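1. make a model of this:
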Amino acid sequence: MKNSISKYLLLGALAFSLQSCFAQKVVVNREVDTQRDGKMLLGEQTLEQFKKEPFSDWYNKEYNEYKIDEASLKLMKKEKASSYSYIVFLGTWCEDSHREFPRFMKIMEAAGVSQNRIQIITVNRKKESPNGEEGLYNIQKVPTFIVKKYGHEIGRIIEYPESGFLEKDLLNIYKKKDQTKIAPEVNEKY
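-> As a prediction, the model looks like this:
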């Protein structure tokens with residue numbers, strides 16, 4: 001009896017120590033100062049970080065000035081945009097990110113998508129994040145907006161929308177969702 005209790009205690013201690021070795025601490029809202037770009041956000045972020053200086057200058061301007069295409073927004077709601085999850089990779093040093101990210105967030109808010117369905121990851125000029133998420137999703141350019149359904153990627157928008165409007169490109173992605181059942185290996189690649 002003593003031997004079996006000792007074995008269980010030893011196994012428990014070993015499992016706990018292994019868990020702590022593999023557990024990775026995720027720092028949220030990391031801000032760094034760089035010589036080239038000044039303040040930069042790196043890694044996972046909350047939306048609140050973009051509402052603080054110096055990021056609020058470009059974020060608020062683009063967010064407030066962007067006019068959402070109402071017809072597309074109506075269709076996004078019909079397609080249940082709020083039932084998808086999203087991952088956004090951007091650079092706070094990147095002009096394309098300055099333009100497209102605030103627009104995306106305004107569209108998501110208008111479509112009724114909860115902020116907890118949107119993961120925001122910022123990268124440096126080498127397109128790297130502190131925890132390496134860019135490698136999991138093969139990020140080459142920013143911003144990249146990834147749309148997921150049931151944990152599988154169903155589409156992405158890279159740098160800028162092909163149609164000229166994020167709303168329209170998102171609608172095209174939603175409409176392709178049924179094709180993921182035909183070729184799931186495409187989703188496993190990312």
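
2. could you use CA atoms for every contact and neighbour count after this?
-> Fine.

3. what segments of the protein are helices?
-> Applying DSSP state H to the chain gives helices spanning 2-22, 55-65, 70-78, 95-110, 133-136, 166-175, 185-188.

4. so where's this structure shaky on pLDDT?
-> Within the chain, the segments meeting pLDDT under 70 span 1-26, 177-190.

5. run the last query once more with 80
-> Across the chain, the ranges flagged by pLDDT under 80 are 1-27, 177-190.

6. what bridges to the residue nearest the centre of the chain?
-> Residue closest to the average C-alpha location in the chain (Cα atoms, centre = their mean): Ile87, at 2.3 Å. Bridge pairing for Ile87 (DSSP bridges) gives the partners Gln119, Ile146.

7. report the contact partners of it.
-> If you count contacts by Cα atoms under 8 Å, 6 or more residues apart in numbering, Ile87 has them with Ile118, Gln119, Ile120, Ile121, Phe145, Ile146, Val147.

8. and which of the residues you listed is nearest to Lys39?
-> Ile121 (15.7 Å; Cα to Cα).

9. surely the closest one and Leu90 touch.
-> Yes: checked against Cα atoms under 8 Å, the pair Ile121 and Leu90 is within contact range at 6.5 Å.

10. list the buried residues for stretch 99-109?
-> Neighbour counts over stretch 99-109 (16 or more other Cα atoms under 10 Å) mark Arg99, Glu100, Phe101, Pro102, Arg103, Phe104, Met105, Lys106, Ile107, Met108 as buried.

11. and for stretch 162-182?
-> Judged by neighbour count using 16+ other Cα under 10 Å, the buried positions of stretch 162-182 are Phe165, Leu166, Glu167, Lys168, Asp169, Leu170, Leu171, Ile173, Tyr174, Lys177, Thr180.

12. how much space between the third one and Thr92?
-> With distances defined as Cα to Cα, to the nearest Å, the gap from Glu167 to Thr92 amounts to 22 Å.
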